[in-house]
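> 3D, please:
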Amino acid sequence: MLFFVKNKKAQVTLFILIGLLIFLTIGFFTLYTTQQTAISQEDKNMQVSIETYLQNCLEQQLPNILRLVAFQGGYYEAPPYSMTYFFEDEYYLYYPYLSYYYLNYNDLSAATETVQEQISKGILAKEEKCTAIPQNYILTLGTADVETTLRDTTVEATVDLHASFHTDSSTITLSPLHIAEKSNLLKMYDIAKQITENQAQYQDQWCVACISQILNGTDVSLEREEVIRDEEREVIYVLYDNENLSFRFVHGFPYFGEYTQPILYPIKNLTATAGQEFIYTVKAQGINLTYSDTTNLFDIDKKTGVIHFTPKETDVGASIITITATDINNQSAEINTLFFIKEELYAGIVQ
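The predicted structure is shown next:
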């Protein structure tokens with residue numbers, strides 16, 4: 001009986017110890033979980049703080065980026081075709097750059113995708129400035145991606161810095177940032193494109209009524225400045241909106257001074273040999289010249305002024321040929337020259 005009582009007391013003691021152990025375990029787990037939750041919330045608050053700072057910084061930079069892109073005709077970096085000036089025997093680019101949208105009868109206006117990419121490059125250029133966070137956060141940066149979209153009244157961009165920061169307990173990856181700025185950049189770019197397309201249709205003529213029609217109802221004004229230098233004539237266009245945004249682009253044309261007539265440069269007497277290919281390029285100066293001739297020996301290329309043919313034996317002899325160059329205004333110049341065609345027999349004889 002005594003043994004049974006002692007054993008029963010031991011069982012009670014054991015149960016008490018087990019219960020106490022379970023209680024302590026649950027308490028420790030609850031405390032640990034609470035601490036972990038508190039740390040996670042602290043990390044989350046830190047993440048939100050960093051992302052808000054970065055977003056605000058990039059949005060503050062965006063208006064200046066858009067102003068520069070508009071000022072340079074849709075480019076943040078140097079345009080592929082930019083107006084230059086000549087000083088002390090050297091050519092220099094104007095800066096901010098003056099981008100050609102039309103040059104020597106070629107449409108060089110920027111594509112919409114190009115303008116969006118240039119804005120993205122401007123945002124990327126501000127990454128270093130904005131990621132220099134004043135707090136004691138150490139960011140790990142990857143290769144940033146920026147996707148920019150031009151909309152009717154805004155410019156929007158998604159910026160993924162592929163950045164993260166470290167805490168004592170974890171590594172937090174930042175979410176992509178979304179920034180936007182109210183802007184008429186797309187409207188002004190579209191107007192510049194329309195003016196350029198219109199210029200391509202009229203070539204070196206300026207259609208005032210056409211441009212007025214393009215600007216009608218847009219709340220965009222235009223200034224036009226013509227610059228003549230050496231053998232070039234540039235027309236600088238500046239578009240303005242009500243938000244003090246200016247969009248600049250340039251149309252460049254050949255300039256022929258006071259000449260109203262096309263010019264054909266002198267042609268020395270031409271000599272060809274029967275049976276052998278003959279090539280000669282007529283040199284001329286004028287606006288959108290077309291070429292013609294008065295001979296049955298060949299047909300001059302109407303656009304390039306190239307004479308390219310192989311004389312026949314029946315062509316042997318001397319002829320007077322007339323070459324005519326006619327410009328876009330139906331003004332023409334002509335020149336006469338002698339054309340000698342020798343027999344093939346004489347081709348190998350040394351005089």
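> mind listing the helices for the stretch 151-300 of the chain?
Remark: helices assigned in the stretch 151-300 of the chain by DSSP state H, counting those that start in this stretch are 185-202, 208-215.
> how many other residues sit next to Val250?
24 (other Cβ atoms under 10 Å). No exception for glycine: its C-beta is placed from N, CA and C like everyone else's.
> Ok, which of the helices of the stretch 151-300 of the chain comes nearest Tyr97?
For Tyr97, the closest of these is helix 185-202, at 14.6 Å, according to Cβ to Cβ.
> re earlier: out of the helices of the stretch 151-300 of the chain, which is the most enclosed?
Burial among these, expressed as mean neighbours by mean count of other Cβ atoms under 10 Å, is greatest for helix 185-202, which shows a mean of 19.
> other SSEs contacting that helix?
helix 2-71, strand 100-103, strand 106-107, helix 112-125, strand 145-150, helix 208-215, strand 232-240, strand 246-254 (3 or more Cβ pairs under 8 Å, 6 or more residues apart in numbering; DSSP states H and E).
> And the nearest residue to Val146 once chain neighbours are set aside, how far from Gln72?
Distances taken as Cβ to Cβ, 6 or more residues apart in numbering place Ser120 nearest to Val146, at 3.9 Å, with adjacent residues excluded. From Ser120 across to Gln72, the span is 15 Å (Cβ to Cβ, to the nearest Å).
> And Ile335, by the same measure?
44 Å.
> same question, Gln285
Separation of Gln285 from Gln72 (Cβ to Cβ): 32 Å.
> who has more neighbours, these two?
Between Gln285 and Gln72, counted using other Cβ under 10 Å, Gln72 has the larger neighbour count: 24 against 17.
> pretty sure that one contacts Pro96?
Yes: contact criterion Cβ atoms under 8 Å: Gln72 and Pro96 qualify, at 5.3 Å.
> okay, now the residue nearest to Val146: neighbour count?
Residue crowding around Ser120 was assessed by other Cβ under 10 Å; the count is 20.
> So it is in contact with Thr158, correct?
No: counting by Cβ under 8 Å, Ser120 stays clear of Thr158, with 9.8 Å between them.
> Give me the below-cutoff pLDDT ranges for the protein.
Low-confidence segments of the chain, defined by pLDDT under 70: 1-39, 85-92, 134-137, 168, 230-231, 255-260, 345-351.
> Quickly list the domain ranges of it.
186-253, 263-348 (automatic domain parsing).
> what about Leu239, distance to Val227?
For Leu239, the distance to Val227 equals 18 Å [Cβ to Cβ].
> So for the two, which sits in the more crowded spot?
Set Leu239 next to Val227 and count neighbours by other Cβ under 10 Å: Leu239 wins out with 24 against 15.
> How about the contacts made by the residue nearest to that one when sequence neighbours are not counted?
With sequence-adjacent residues excluded and distances taken as Cβ to Cβ, 6+ apart, Leu239 is closest to Phe247, at 4.3 Å. Shown in contact with Phe247 (Cβ atoms under 8 Å, 6 or more residues apart in numbering): Ala70, Phe71, Gly73, Gly74, Leu185, Met188, Tyr189, Ile191, Ala192, Val238, Leu239.
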